[in-house]
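Trainee: Sequence plus predicted model, see below.
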Protein chains: 2
Amino acid sequence: MAEKITPRSEDFSRWYLDVIREAELAENSPVRGCMVIRPYGYELWEGVKAGLDRRFKETGHKNAYFPLFIPMSFIQKENEHVEGFSPELAIVTIGGGKELEEPLVVRPTSETIIGHMYSRWIQSYRDLPVLINQWANVVRWELRTRPFLRTMEFLWQEGHTAHATAEEAMEETLRMLDVYADFAINDAAIPVIKGRKSEREKFAGAVASYTIEAMMGNGWALQAGTSHYLGTNFARAFEITYLDRNNELQYCHTTSWGVSTRMVGAIVMVHGDDQGLRLPPVLAPIQVVIVPIWRKEAERSQVLEVTQQVKTALADAGIRVHLDDREEQTPGFKFNDWEMRGVPLRVEIGPRDVKQQSVVLARRDKPGKEGKEFGVPLTGAATRVKELLREVQKSLLEQATAFRDAHTHYVRSYEEFKEVLNEEGGFLRVHWAGTSEDEARIQEETKATLRCLLLEPPEGEGECFLTGKKTDQVAIFARAY
Amino acid sequence: MAEKITPRSEDFSRWYLDVIREAELAENSPVRGCMVIRPYGYELWEGVKAGLDRRFKETGHKNAYFPLFIPMSFIQKENEHVEGFSPELAIVTIGGGKELEEPLVVRPTSETIIGHMYSRWIQSYRDLPVLINQWANVVRWELRTRPFLRTMEFLWQEGHTAHATAEEAMEETLRMLDVYADFAINDAAIPVIKGRKSEREKFAGAVASYTIEAMMGNGWALQAGTSHYLGTNFARAFEITYLDRNNELQYCHTTSWGVSTRMVGAIVMVHGDDQGLRLPPVLAPIQVVIVPIWRKEAERSQVLEVTQQVKTALADAGIRVHLDDREEQTPGFKFNDWEMRGVPLRVEIGPRDVKQQSVVLARRDKPGKEGKEFGVPLTGAATRVKELLREVQKSLLEQATAFRDAHTHYVRSYEEFKEVLNEEGGFLRVHWAGTSEDEARIQEETKATLRCLLLEPPEGEGECFLTGKKTDQVAIFARAY
């Protein structure tokens, strides 16, 4: 199995595609740029959805659903928005056999159509805030695609909220950034960095965009979620107004925020190794796989009886467990197969274990003997499995954090910047007082982009690595997906 | 509130639209034929999804996701399929600013693209069965739309399975029909009738289509879910083949089955009354609403303290509870408001209840005093509420069943058929040995359609009401949405 996967160190991009294919997460479809999310990949996405949806509801949001199609004229109402999205649109021109009078855009994002509805729903300060989220598919006509990371159609959630004041809207924007970071760190075991996007990188139509940035296994950055303060830009374009307590008409302040199936790609790229996937237990579709081992037919039924008992005990304890009782495969094949699929914990049960009324536990995050526990008593197996799942979750986050920190370098000059980027890659942490033009030049010369401006950098004042200007502002630059 | 709702008996269609609007389930969007599903309506749909998804997983299905866009050439591969769907297609002709070489169809259903993928995934009998479901949006260019019942875009699930033999595929088709009926009856409290569609009414491309038919509050029928045995039709069109145990190439037998946001419309139309919605407790977003009652400021804090206690007790018991502590509305307004929104049970707590350490419970399904219980002790409130929720669930199903049975008439002649249809409406149960042409004529002359052929009618042999031919076959005719 593992030989079908290119070593990560040899070619990270090929490794990624190999893992996606061999673990059956997704597959290219006959429609250019659109992927098929296979059951194992979709189950991972269901875990992401559940973790986010719970947090959205805990913070007072409700789900709703808005149309897939958006009238072309809507997209054109907000100037920056139309500029940003026009080149990426898929457009329906024929419906029910007839040419349409006004073409319909397949939503690339829903600020406009939702803004239109909010203008109907919101009349008074009593109607505020409106806190709505939508789980949906969106389409952006991307030329260069990669499964999960960038596809023409993708699945995501988009939160859209309306508030009475700028302060409340900004509070919401940052609250949702925190929700994303909390999910990424605690569920996906990805130590993301929170920050603000530069003017050049912000969302088309936003006043300010915030992001969680993750470091992939090759040192590149991935924007794993964004939260935008939209000011009154969309409120003005769509007349989202309310009467305040003094009966005066005011524009609402709106926000939007989204996480997509990219998150699945991030999980693969952060935790995977040469053997394949490594999934954080909180999100793993299968948390524990049980592999029965026997040689002689006489051992078979005894072993299978115990594996069945263990399966029931683990399932009863709320653990997502799978018993691999395939007859045509060897235990060795199964070990590799489930390691490749990233199952956090393996239970092995052979004739000796049956005799001793115990099991062997093997962790996916620690290779070989180091990750194995022998003679775990049957009676306490579920308890020990639960503990180990927590430990694996913790260990994946620690490993990813250590990797990120080891590949983050503070640099003082553009020379050093280029040298470190070429030789080490990773995140370049810098004092930054440059312009959008400076950013463009850096990208052209080094392919690195400004990932985010840190929210509360501990560094204090320093000199911009490029311009030499004094500044408090600290930025992360990196090559990015 | 109620005066905003047209009485059901006066104009059922207007009543339906009024309820949808006033209960804030959905709203028309600026895109013709597309609705916006508002949070309360979407929460109801989330309940439907959860109930179905659990059952799909229990019967061995996995979720996956396939592209929104389907190449035009795919749709054309299955003859009946293309005939059935061509007039209803929305077509993308422009992407990324360029005219597309091959137009893309926005999926009206996914047999074709999924069939294409299955032809890649299935090689051997060992790969079978494939049991996959997709939660997705689909688009059909409908001219006459009605919220939830018929919209251009709608949300649904579509199951797609592939099997080695006709028998297995037929078993699956009927298993999923049972799953749908089980959900409808036990979760939605809708006493559906299972049956087979006639040749004229079956799915475009199916060998046999099965349906669950529900009776709405005006006696009309609604097809609430369908399950199709597709034979080898799509397997032949998309080369879905496998090597059997004898190493011979065989076509797979496939099925597909779907339930959509129509189900929400069915729930409204089956259970609603002149006061508005009546929701079955299993699916109700809010199962219990607590309304505090006080006159004097001194009573206020005492009452609110107890309502808070009761809210916590109910929530801890796993009940979906809402405390309506709005200051600007009277209790009477709140009673009407939540009745209109169909909340199954109301808890009233006033100063006298505080003194007696008890609450008043009021059932939505029984109007006035008959549905009220006074002096329910605080300590046992959660237990009693749970019992009552079960009773309301049962009572809604019983009421709907009694209504359906009272409006189902066995008729022996076409004269009687027309008379009963005009005077009473409802379901017309008949022995049936007619042709598709006969069906077409009946529809033209009476607007009634053949809803389904019963699977195991108890009637035994009789004479076809139209042709007089002897037959075992019993059919339901009705006007339908």
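Mentor: Yep, it's here. Numbering: from 1, shown residues only, chains lettered A, B, ... in the order given.

Trainee: got the end-to-end distance for stretch A:235-245?
Mentor: One end of stretch A:235-245 to the other measures 19 Å (Cα to Cα, to the nearest Å).

Trainee: and it, anywhere near chain B?
Mentor: No: Stretch A:235-245 is not in contact with chain B by Cβ under 8 Å from any Cβ of the partner chain; minimum separation 10.8 Å. No exception for glycine: its C-beta is placed from N, CA and C like everyone else's.

Trainee: Just give me how far that stretch sits from the chain centre.
Mentor: Its chain's C-alpha centre and that of stretch A:235-245 lie 33 Å apart, by Cα atoms, centre = their mean, to the nearest Å.

Trainee: same question, stretch A:192-203
Mentor: How far stretch A:192-203 lies from its chain's middle: 16 Å, per Cα atoms, centre = their mean.

Trainee: Please, where are all the helices along chain A?
Mentor: Taking DSSP state H as the criterion, chain A carries its helices at A:12-22, A:39-58, A:72-75, A:79-85, A:111-121, A:166-186, A:233-238, A:262-271, A:297-316, A:331-340, A:351-356, A:381-406, A:414-423, A:436-446.

Trainee: how about those, which one is nearest residue B:4?
Mentor: Among the helices of chain A, helix A:111-121 comes nearest to residue B:4, with 16.8 Å by Cβ to Cβ.

Trainee: Next, format the helices of chain A as a markdown table and append mean neighbour count.
Mentor: A markdown table is the format used below for the helices of chain A (neighbours: other Cβ atoms under 10 Å in any protein chain shown):
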| stretch | mean neighbour count |
| --- | --- |
| helix A:12-22 | 19 |
| helix A:39-58 | 19 |
| helix A:72-75 | 18 |
| helix A:79-85 | 17 |
| helix A:111-121 | 24 |
| helix A:166-186 | 20 |
| helix A:233-238 | 22 |
| helix A:262-271 | 26 |
| helix A:297-316 | 15 |
| helix A:331-340 | 18 |
| helix A:351-356 | 16 |
| helix A:381-406 | 18 |
| helix A:414-423 | 15 |
| helix A:436-446 | 15 |
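
Trainee: Kindly tell me how buried the residue nearest to residue A:273 when sequence neighbours are not counted is, as a neighbour count.
Mentor: Setting aside the residues directly before and after it, residue A:273 is nearest to residue A:8 in space (Cβ to Cβ, 6 or more residues apart in numbering or on different chains), at 6.4 Å. For residue A:8, the neighbour count with other Cβ atoms under 10 Å in any protein chain shown is 20.

Trainee: which ones are touching residue A:8?
Mentor: A:15, A:217, A:218, A:272, A:273, A:274 (Cβ atoms under 8 Å, 6 or more residues apart in numbering or on different chains).

Trainee: does chain B sit close to the lowest-mean-pLDDT helix or strand in chain A?
Mentor: Using mean pLDDT, DSSP states H and E, the weakest-scoring helix or strand in chain A turns out to be helix A:79-85, at a mean of 84. No: Helix A:79-85 does not reach chain B (Cβ under 8 Å from any Cβ); its nearest approach is 11.2 Å.

Trainee: Say whether chain B is contacted by stretch A:51-60.
Mentor: No: figure legend: stretch A:51-60 not in contact with chain B (Cβ under 8 Å from any Cβ); closest approach 9.3 Å.

Trainee: Mind listing residues that contact that stretch?
Mentor: With Cβ under 8 Å, 6+ apart as the criterion, stretch A:51-60 contacts A:63, A:131, A:133, A:135, A:157, A:159, A:175-176, A:179-180, A:182-183, A:187-188, A:259, A:282-283.

Trainee: distance of residue A:71 from chain B?
Mentor: Using Cβ to the nearest Cβ, to the nearest Å, residue A:71 is found at 6 Å from chain B.

Trainee: which strands and helices sit next to the least confident helix or strand of chain A?
Mentor: Applying 3 or more Cβ pairs under 8 Å, 6 or more residues apart in numbering or on different chains; DSSP states H and E, one finds that helix A:79-85 makes contact with helix A:72-75, helix A:233-238.

Trainee: out of the contacts of stretch A:51-60, who's near chain B?
Mentor: residue A:63.

Trainee: Dump the helices and strands packed on helix A:79-85 to JSON lines, plus mean pLDDT.
Mentor: Conversion of the helices and strands packed on helix A:79-85 to JSON lines gives the following (pLDDT from 0 to 100):
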{"stretch": "helix A:72-75", "mean pLDDT": "93"}
{"stretch": "helix A:233-238", "mean pLDDT": "96"}
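
Trainee: Can I get those in JSON lines including distance to residue A:300?
Mentor: Shown next, in JSON lines, are these (distance: least, Cβ to Cβ, whole Å):
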{"stretch": "helix A:72-75", "distance to residue A:300": "64"}
{"stretch": "helix A:233-238", "distance to residue A:300": "65"}
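
Trainee: next one: phi and psi at the residue nearest to residue A:273?
Mentor: phi -60, psi -40 (degrees, to the nearest 10).

Trainee: One more: residue A:447?
Mentor: The phi/psi pair for residue A:447 (degrees, to the nearest 10) is phi 70, psi 0.

Trainee: That one: neighbour count?
Mentor: Neighbours of residue A:447 (other Cβ under 10 Å): 11.

Trainee: List the residues that contact whatever residue of the stretch 201-350 of chain A ends up closest to chain B.
Mentor: Closest contact between the stretch 201-350 of chain A and chain B, by Cβ to the nearest Cβ, is at residue A:328 (8.1 Å). By Cβ under 8 Å, 6+ apart, residue A:328 lies in contact with nothing.

Trainee: hang on, the earlier thing: identify whichever of the helices of chain A lies nearest to residue B:375.
Mentor: Closest among those, using Cβ to Cβ: helix A:39-58, at 34.8 Å.
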